[in-house]
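Colleague: I need the structure of the sequence given here:
(one chain, ligands or ions: 1)
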Amino acid sequence: MKNVEATDQLHQRAAEMPSLSTLFAFDPERGGTYRVSGAGIQLDYSKQRVDTSVLTLLARLAEQAGVEIERARLLTGEVVNRTENRAAWHTALRAPAEQHSEPQRCVEEQLQRMTQLVDKIQSGVWRGFSGKRITDVVNLGVGGSDLGPLMVTHALREYAEPAARALKVHFASTIDGSQLFDLLDHLNPETTLFIISSKSFTTIDTLSNADTVRSWLAGHCDDHALVVRCHFVGVSASAQRMADWGLPPENQLHFWEWVGGRFSLWSTIGLPIALALGMSIFRQLLAGAHTMDEHFRTAPLLQNLPVMLALLGIWNVNFLDIRAHAILPYDGRLKYFPPYLEQLEMESNGKSVSQAGEPLDYSTCPVLWGEIGANAQHAFYQLLHQGTQAVASDFILSARRYEALDHYAHSEQLQAQHQLNIANCLAQSRVLAFGSEAVEPSDNPWRQYPGNQPSSTLLLERLDPQSLGALIALYEHKVFTQAVIWDINPFDQWGVELGKQVALQLQPLLAESADISGTTLDSSTRALALSIRAHR
Ligand code: F6P
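Modeller: From the prediction side, this is the model:
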């Protein structure tokens, strides 16, 4: 990393850093001071192995890496994706309309088109080929064209507006067609609308699902143009490719090359969110994200939530050598948040070459994974507590839940369940930090909990469209800040291209008639291909 002096000092501080138990013994009130808030979210990082001198050095590292300069470039739409020579201006998608400058007017125009489309579908003006109203919508997309809409739709289902509740929104992403197979098994072709969501409109996973759907529909109606007009909407940055596929302009929504795929849920890629929950909920989500953008833009580095998350991550990975990071939301509605972050963090920062193309001699993105915390307690927490692997964790928790259900017969029980959930979340971060010695000493070797596993707790007042928008934007800016410090480009993903290319080369070799012996295939792949062919 750029600041050699600060990194040397940080390595030294890491070598002498006491355990969490000792840090709390030195400063029993650190729980009240090692915290920061912004955009309605509180971050408690007192259970991270840092002290004020470490924080000062980390802030210096960020300054010297140019975080503030790069942040300004990001937020004003300058080129920050240097290998692809474009902006990464997802923040423009959630800026209030009155702040839109000329290049951003198209954002509001597409939002208006999206609103009209949502109205038509929800009100029943849009009909299927036989004149029936649409009851089901299936989003066909993968990666950023799937994970964001899926995660948000699931998280905010309780907030769905009445007009949206009649529609059932489904997601199919897998290239093997298995999700589609399950859906087509029970969906009615006359009343189902398919969204083909693909920034590039070249992704084989999505296009093969779309082609399968088109054949399925053709089996029920032989007017192919009518089928496409009534049952497909495309969302892409390539109007030309959507047109080549057969989508008329009225069935297209657009976004732009300057929106990265994994940052695209704020664009028209959010159509499934708007259909499932309502356009005003989608707008609230955008507003929540904008609040975090403003916090990120204005707060001083050590008071800045995304910067703090980034610095703590860098401290853990590069100085404490903790290369695994668990995301643990204590809320069933955030079931798809960990997989969403897996793409956001690892596709963005899973890099080993600098912006200038030089190999790096330090670690970047840790392995990041997660699960609903309370369920993970019964799955992989054993490893967190007693395994040999150091893991840093993010706990995500809402203080309030179910209060809108006062009229509901089971509301008291549900609120009691939420208290139980909170108790579990707090118990886990406590045991991870302090282990058995500090909590309940035991002589039994199998009941030893070493503790000293660092964690942060992100506390929301409640999970709602605004706070979810802010939470997602928080992690987006964290990823960006880390990338600046690691001197990598978080906005490209060259690492996923070779696999796609090789799959295309292999596909014809799986045919019965293909001569596989004369190819340059490695012996493992050749033997596997032959075994697969023999099983047919
Ligand atoms: O293959 C990786 C990737 O390019 C992701 O970055 C992207 O979110 C996903 O594929 C889907 O791409 P598209 O929206 O162009 O279909």
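Colleague: Show me the shaky parts of the stretch 301-450 of the chain.
Modeller: The stretch 301-450 of the chain contains residues with pLDDT under 70 at 406.
Colleague: And the residue of the stretch 401-536 of the chain found nearest the ligand, its phi and psi?
Modeller: Nearest to the ligand in the stretch 401-536 of the chain, going by CB to the nearest ligand atom, is Val496, at a distance of 4.2 Å. C-beta coordinates here come from the backbone N, C-alpha and C atoms, glycine included. Dihedral angles of Val496 (phi, psi; degrees, to the nearest 10) stand at phi -100, psi 0.
Colleague: What's the first helix or strand after the helix or strand hosting Leu426?
Modeller: Assessed by DSSP states H and E, Leu426 sits inside helix 411-439. Going down the chain from helix 411-439, the next helix or strand is strand 455-460, by DSSP H and E.
Colleague: Give me the sheet partners of that next one and which way each runs.
Modeller: Its sheet considered, strand 455-460 pairs with strand 41-44 (antiparallel), strand 392-398 (parallel) by DSSP bridges.
Colleague: Leaving aside the residues adjacent along the chain, what's closest to Thr7?
Modeller: Excluding the flanking residues, the one nearest Thr7 by CB to CB, 6 or more residues apart in numbering is Met1, at 5.3 Å.
Colleague: Number of residues surrounding the residue in the stretch 301-450 of the chain positioned nearest to the ligand?
Modeller: The ligand sits closest to Glu347 of the stretch 301-450 of the chain, with a gap of 5.8 Å, by CB to the nearest ligand atom. Counted with other CB atoms under 10 Å, the neighbours of Glu347 add up to 22.
Colleague: Could you check how many residues crowd around the closest residue to it other than its chain neighbours?
Modeller: Nearest residue to Glu347 in three dimensions, chain neighbours excluded: Gln493, at 5.1 Å (CB to CB, 6+ apart). Neighbour count for Gln493, taken as other CB under 10 Å: 20.
Colleague: What values do phi and psi take at Gln493?
Modeller: Note on Gln493: its backbone torsions stand at phi -150, psi 60 [degrees, to the nearest 10].
Colleague: Verify the contact between it and Met346 for me.
Modeller: No: with contact defined as CB atoms under 8 Å, Gln493 does not reach Met346; the gap is 9.9 Å.
Colleague: and Tyr340, which of the three is it?
Modeller: Under the three-state scheme (DSSP: H, G, I helix; E, B strand; the rest coil), Tyr340 adopts helix.
Colleague: Repeat that for Val125.
Modeller: Three-state call for Val125 (three-state DSSP): coil.
Colleague: wait, what's in contact with it?
Modeller: Counting by CB atoms under 8 Å, 6 or more residues apart in numbering, Val125 touches Asp119.
Colleague: Look at it and report its pLDDT.
Modeller: The model reports Val125 with a pLDDT of 98.
Colleague: what about the strands in the stretch 151-300 of the chain?
Modeller: Secondary structure of the stretch 151-300 of the chain (DSSP state E, counting those that start in this stretch): strands at 168-172, 192-197, 232-236, 252-254.
Colleague: and Leu530, that's in a strand?
Modeller: No: looking at Leu530 with three-state DSSP, it is helix, so not inside a strand.
Colleague: Spatially nearest residue to it, not counting backbone neighbours?
Modeller: Leu530 sits nearest to Ile516 (CB to CB, 6+ apart), 6.6 Å away.
Colleague: Just to check, His385 is in contact with Arg430?
Modeller: No: when contacts are counted by CB under 8 Å, His385 is not listed as touching Arg430 (11.6 Å).
Colleague: May I see the strands paired with strand 455-460 organised as TSV, with mean neighbour count and distance to His295 added?
Modeller: Listed next are the strands paired with strand 455-460 as TSV, based on neighbours: other CB atoms under 10 Å; distance: least, CB to CB, whole Å:
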stretch	mean neighbour count	distance to His295
strand 41-44	20	9
strand 392-398	24	17
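Colleague: distance of the closest residue to Asp44 other than its chain neighbours from Tyr330?
Modeller: Among residues not flanking Asp44 along the chain, Thr457 sits closest, at 4.4 Å (CB to CB, 6+ apart). Per CB to CB, to the nearest Å, Thr457 is found 10 Å from Tyr330.
Colleague: if you count what's nearby, which of those two comes out ahead?
Modeller: Neighbour tally, Thr457 and Tyr330, criterion other CB under 10 Å: the higher count belongs to Tyr330, 25 against 21.
Colleague: Next up, the contacts around the more buried one.
Modeller: By CB under 8 Å, 6+ apart, the contact set of Tyr330 is 372-374, 395-397, 421-422, 424-425.
Colleague: and Leu226, how many neighbours?
Modeller: Count around Leu226 with other CB under 10 Å applied: 14.
Colleague: Show me what from the stretch 401-536 of the chain comes close to the ligand.
Modeller: For the stretch 401-536 of the chain, the contact set with the ligand under CB under 6 Å from any ligand atom comprises 493, 496.
Colleague: rerun that using 8 Å as the cut-off
Modeller: Within the stretch 401-536 of the chain, the positions near the ligand by CB under 8 Å from any ligand atom are 493, 496-497, 500.
Colleague: Just among those residues, which is most surrounded?
Modeller: Sorting these by how many neighbours each has (other CB under 10 Å) puts Gln493 first, at 20 neighbours.
Colleague: if I look at that one, how far off is Trp446?
Modeller: As judged by CB to CB, Gln493 and Trp446 stand 44 Å apart.
Colleague: Cheers, nothing more for now.
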